[in-house]
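>>> sharing a model prediction with you, sequence too.
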Amino acid sequence: MAIVGYGPTGQVLSILLAQRGWNVTVLEKWPQPYPMPRAVSVDGYAARVLATAGISEAISEFGVPGADYIVQNAAGETLLRLVLSSDDEFGPPRSTSIYQPGLEQALARRGEQLSALRVRRGQEVVQVADHGDGASLRTRNVVSGESSTLSARWVVGCDGARSVVRDQIGTTVTDLNFTIDWMACDLVPHRLADFPPANTQVADPTRPRVAATAGPRHRRWEFMRLASEPLESFSTEANAWRLLELFGVGRDQAELERYAVYTLAARNADRWRRGRILIAGDAAHQMPPFAGQGMCSGIADAANLAWKLDRVLNGAPGDLLDSYQRERQPDAQRAIEASVQLGRLICQTDPVAAAHRDHAMIGRARNTANRAQAAPIPAVRPAPGGFHHVAGDGTPGVGAGQLLPPIRVRTGGTAASLDDQLGIGFSLLLRQKDVLGPEAGDRLDEAGVRVVHVLSPDDRAATEAGTVVDVDGTLTGWLDSIGATAVLLRPDRYVYGTAVDSAGLTELARSFLAQLPARPTVRA
Ligand SMILES: Cc1cc2nc3c(=O)[nH]c(=O)nc-3n(C[C@H](O)[C@H](O)[C@H](O)COP(=O)(O)OP(=O)(O)OC[C@H]3O[C@@H](n4cnc5c(N)ncnc54)[C@H](O)[C@@H]3O)c2cc1C
């Protein structure tokens, strides 16, 4: 396996594959890790994937729970508030504010623990070719200029917005034409207390701007370039300090670690795979950062692709990989559209239009002030042609495509996360043991599906292997909400399908194995 690019998407994907025992070679053009942050937050799902990649212990080094997401107008009135904090949920916060270099360091350290993962830095990939039964890559050493060639069974381009691998796939790109320049300033305050945690977008038509926490020690402030401002004079350190005054940040209060001007983009590649070559992360899609979804989408791509590549490397048909684009591309598109929608709201520079917006939104914000609002990204739907159970009438099976929430369980007398108990493969959650008949049991066992029995706290079998105790009713409540006695979960924690009785579970197992025949495990 070869992966091009060791940004967050390439890091997570290579770790998830190497954890499964596959030899992975990563080619990264930068000789040293890129030291500057871009992303400042990860959502709850991305945090769970990072935990699966083995860095949950390190998260507190570079992350803190995120503040509520607030859009306010020039007068400081709230136009929109998304409640991200919650006391009653288990698992990672809905949003974690992060310092990206710390995240990348933690992933790099994790990568170093995996003997199957080899990272070759200072190697720029200049060409990729698909040969039907494998692929080849031509690289250039960025220091010596020396060229070399390498072959791989599959290649994934995680090489960012200017992806060479995407060019080789030869795809067209759907562009929402949302291109605006913003300056991002990363600072280390001398006294953190002077700048309390924030996640605030200031929709001021005279200067749209953002204040955000970036992990435990950093703060991020961002400013939009106005159409009247030449790029040269906008992108100077003096201008960065002048703009920072809008948030009351002076040179005596913080160290300016860096400032950089980014041109935002909203694009989705139309084709994510050609033969043995695939793309993921910013190579496949780019979005403005207003919903904090760019890197999270790349991490979700990695979670979706890793188990499919694992199965295909183990002998499953390569067509399984077509479900990767079918599932992830619409999701990325929803994230792009939500980001652009927020962007249009925040980047409004016409004072009359901004006043109309404020009037409409202030009323709405008041009406919803006391209740948690949904995340801006709509919930996932089972994708047509995705990898999930399909009922006899061709519609998605009940519960298919739902995401397992983070759930606290007890196992062998110890509190644990259900994610940790499920491991990195497929799993079957069973509410009643006898629903699993011998045929379905044997078939699922052959396919390496881990069976987990869900018990109530007073059940006597609570200490047996393969059981989890639903300590607070959350798991049972979720099973009720999707009307399931048994749930077949994919390794990325999305529901493959559900059953209510023994006959249904036998049918579910048959359908699963028809889509994903069990093969002997091979390693390469
Ligand atoms: C100001 C700003 C704020 C943001 N805030 C957020 C946020 O809060 N939350 C969020 O989720 N996202 C956010 N994002 C988006 C996020 O930073 C990106 O989506 C994310 O970094 C993409 O990760 P990636 O690994 O796909 O690509 P990249 O991070 O671009 O990594 C690509 C890697 O590939 C390497 N590479 C490129 N070409 C080659 C080649 N030919 N050969 C070898 N190596 C190559 C590069 O050197 C790089 O290391 C923000 C972005 C910006 C600019």
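Perfect, thanks for sending it.
>>> for the rest of this, base every contact and every neighbour count on C-alpha atoms.
Fine.
>>> near the nearest residue to residue 207 once chain neighbours are set aside, how many other residues are there?
Nearest non-adjacent residue to residue 207, counting by CA to CA, 6 or more residues apart in numbering: residue 224, 6.4 Å away. For residue 224, the neighbour count with other CA atoms under 10 Å is 21.
>>> from the ligand, how far out is the residue lying closest to residue 283 once chain neighbours are set aside?
The spatially closest residue to residue 283, leaving aside those adjacent along the chain, is residue 160, at 4.4 Å (CA to CA, 6+ apart). Taking CA to the nearest ligand atom, to the nearest Å as the criterion, residue 160 is separated from the ligand by 4 Å.
>>> so in terms of bridging, what pairs with the residue nearest to residue 207?
On the basis of DSSP bridges, residue 224 is bridged to residue 182.
>>> is it true that it touches residue 206?
No. Applying CA atoms under 8 Å as the test, residue 224 and residue 206 come out as separate, 9.7 Å apart.
>>> pLDDT at the residue nearest to residue 207, what is it?
Looking at residue 224, its pLDDT stands at 98.
>>> quick one: contacts for it?
180, 181, 182, 183, 207, 208, 209, 347 (CA atoms under 8 Å, 6 or more residues apart in numbering).
>>> ok, now residue 440?
Contacts for residue 440 were tallied using CA under 8 Å, 6+ apart; they are 505, 506, 509, 510.
>>> repeat that for residue 236.
Not one residue lies near residue 236 by CA under 8 Å, 6+ apart.
>>> how much space between it and residue 184?
Residue 236 sits 12 Å away from residue 184, going by CA to CA, to the nearest Å.
>>> got the phi and psi for residue 416?
As for residue 416, its main-chain torsions (degrees, to the nearest 10) stand at phi -150, psi 170.
>>> what's the burial count for it?
16.
>>> residue numbering should commence at 254 henceforth.
Sounds good: first residue 254 from here, last item residue 669.
>>> where do the helices sit along the stretch 404-553 of the chain?
417-422, 484-487, 490-497, 547-566 (DSSP state H, counting those that start in this stretch).
>>> what residues does this protein have near the ligand?
Residues of the chain lying close to the ligand (CA under 6 Å from any ligand atom) are 257-263, 280-283, 291-295, 376-379, 411-414, 416-417, 437, 515, 534-535, 542, 545-549, 551.
>>> mind checking which of those residues land in strands?
Counted as lying in strands by DSSP state E, out of the residues of the chain next to the ligand, are 257, 280, 281, 294, 295, 376, 377, 378, 379, 437, 515.
>>> pull the contacting residues for the residue positioned nearest the centre of the chain.
Most central in the chain under CA atoms, centre = their mean is residue 549, positioned 2.9 Å from the mean C-alpha point. By CA under 8 Å, 6+ apart, residue 549 lies in contact with 295, 296, 298, 299.
>>> counting neighbours, which of those residues comes out on top?
residue 295 (28 neighbours).
>>> verify the stated contact: it with residue 545.
Yes. If you go by CA under 8 Å, residue 295 and residue 545 touch, sitting 7.1 Å apart.
>>> re the thing from before, can you tell me which of the contacts of residue 693 is nearest residue 305?
Proximity of the contacts of residue 693 to residue 305 (CA to CA) peaks at residue 762, which lies at 25.4 Å.
>>> quick check: the closest one touching residue 696?
Yes. Contact criterion CA under 8 Å: residue 762 and residue 696 qualify, at 6.9 Å.
>>> okay, these two: which has more neighbours?
Per other CA under 10 Å, whichever of residue 762 and residue 696 has more neighbours is residue 762, with 24 against 18.
>>> that one: what secondary structure?
helix (DSSP: H, G, I helix; E, B strand; the rest coil).
>>> per-residue pLDDT, the closest residue to it other than its chain neighbours?
Leaving out its chain neighbours, the residue that sits closest to residue 762 by CA to CA, 6+ apart is residue 693, at 5.7 Å. Note on residue 693: pLDDT of 88.
>>> shouldn't residue 693 be within a helix?
Yes. Under three-state DSSP, residue 693 sits within a helix.
>>> how near is it to residue 324?
Shown here: residue 693 relative to residue 324, a distance of 51 Å by CA to CA.
>>> list the buried residues in the top helix by length along the chain.
Once the chain is assigned using DSSP state H, the helix that runs over the most residues is helix 575-599. Neighbour-count burial for helix 575-599, with 16 or more other CA atoms under 10 Å as criterion, is recorded at 575-582, 584-593, 595-596, 598-599.
>>> now the angle between helix 547-566 and that helix, please.
Following axes from the mean of the first three to the mean of the last three CA atoms, to 10 degrees, one obtains 180 degrees for the angle between helix 575-599 and helix 547-566.
>>> what is helix 575-599 packed up against?
If you count contacts as 3 or more CA pairs under 8 Å, 6 or more residues apart in numbering; DSSP states H and E, helix 575-599 packs onto strand 452-456, strand 520-522, helix 547-566.
>>> now the last one: how far from the chain's centre is it?
Right, helix 547-566. Taking CA atoms, centre = their mean, to the nearest Å, one finds helix 547-566 lying 9 Å from the centre of the chain it belongs to.
>>> need the CA coordinates for that helix. CSV is fine.
Output of helix 547-566 as CSV, limited to C-alpha atoms (Å, rounded to 0.1, in the frame of the first residue of the first chain):
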residue,chain,number,x,y,z
GLY,A,547,-12.4,20.1,6.3
MET,A,548,-10.0,17.9,8.3
CYS,A,549,-12.9,16.1,9.9
SER,A,550,-14.2,15.0,6.5
GLY,A,551,-10.7,13.8,5.6
ILE,A,552,-10.6,11.7,8.8
ALA,A,553,-14.0,10.3,8.1
ASP,A,554,-12.8,9.4,4.6
ALA,A,555,-9.9,7.5,6.2
ALA,A,556,-12.2,5.6,8.6
ASN,A,557,-14.5,4.6,5.6
LEU,A,558,-11.6,3.6,3.3
ALA,A,559,-9.3,1.8,5.8
TRP,A,560,-11.6,-1.2,6.4
LYS,A,561,-12.6,-1.4,2.8
LEU,A,562,-9.0,-1.5,1.6
ASP,A,563,-8.3,-4.1,4.4
ARG,A,564,-11.0,-6.3,3.0
VAL,A,565,-10.0,-5.8,-0.6
LEU,A,566,-6.3,-6.5,0.2
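>>> hang on, isn't residue 650 packed against residue 748?
No. In this structure, residue 650 is not within contact of residue 748 by CA under 8 Å, at 9.7 Å.
>>> between those two, which is the more surrounded one?
residue 748 (26 against 20).
>>> what's the spacing between residue 269 and residue 490?
In this view, residue 269 and residue 490 are 40 Å apart by CA to CA.
>>> who has more neighbours, these two?
It is residue 269, of residue 269 and residue 490, that has more neighbours when counted by other CA under 10 Å, with 25 against 15.
>>> list the contacts for the more buried one?
Residue 269 makes contact with 305, 306, 555, 556, 559 under the criterion CA under 8 Å, 6+ apart.
>>> and it, which of the three is it?
The three-state assignment at residue 269 reads helix, by three-state DSSP.
>>> quick one: contacts for residue 460?
476, 477, 478, 479, 602.
>>> equivalent analysis for residue 448, please.
442, 472.
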